[in-house]
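# After the sequence you'll find the predicted model.
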Amino acid sequence: QVQLAESGGRLVQAGDSLALSCEANGPSFNDNAMGWFRQAPGKDREFVATTSWSGRSTVYTESVKGRFTMSRDNVKKAVYLRMNNLQPEDAGTYYCAVADGYKGVVRAPQAYIYWGQGTQVTISV
């Protein structure tokens, strides 16, 4: 089992940058793909980015390509999401999750077993 804790969310202005962190506690972190998802009020949770167990392969949803960077540190058992040029549509609660049993990148939320509580990103225009 893995416990996840996101941090870094706050109020920013459109065009600003923000870095989110997710720290894991548990044995399953290093062997599995990790993902970032987000959920805006009144909308479904959506995939943002995923990285393989090694961090060598990372995939992003189209709307964040070139602006967001996901990375992981298996020694610290943490994943990060660096977000540049934030836009109003990027606002929402951001969640990290573990795709237990998957080493490669995986987009489908159904593959993710363990989820954090989320961190709120608010963007003013």
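Arrived safely.
# Report the separation between Gln117 and Gly9.
With distances taken as Cβ to Cβ, to the nearest Å, Gln117 is found 11 Å from Gly9. For the C-beta atoms, the positions are set from N, CA and C on the backbone; glycine is no exception.
# Compare those two and say which one has the larger neighbour count.
Gly9 (18 against 11; other Cβ atoms under 10 Å).
# Which residue is the nearest non-sequential neighbour of the more buried one?
Thr119 (3.4 Å; Cβ to Cβ, 6 or more residues apart in numbering).
# ok, now which ones touch the one you found?
Neighbouring residues of Thr119 by Cβ atoms under 8 Å, 6 or more residues apart in numbering: Glu6, Ser7, Gly8, Gly9, Leu20, Thr93, Tyr94.
# with those residues in mind, which one is nearest to Ser28?
Using Cβ to Cβ, Glu6 comes nearest to Ser28 of the contacts of Thr119, at 17.1 Å.
# Might you report the residue contacts of the closest one?
For Glu6, the contacting residues are Leu20, Ser21, Cys22, Tyr94, Tyr95, Cys96, Gly116, Gln117, Gly118, Thr119, by Cβ under 8 Å, 6+ apart.
# so of these, which ones are in strands?
With strands taken from DSSP state E, the overlap with those comprises Leu20, Ser21, Cys22, Tyr94, Tyr95, Cys96, Thr119.
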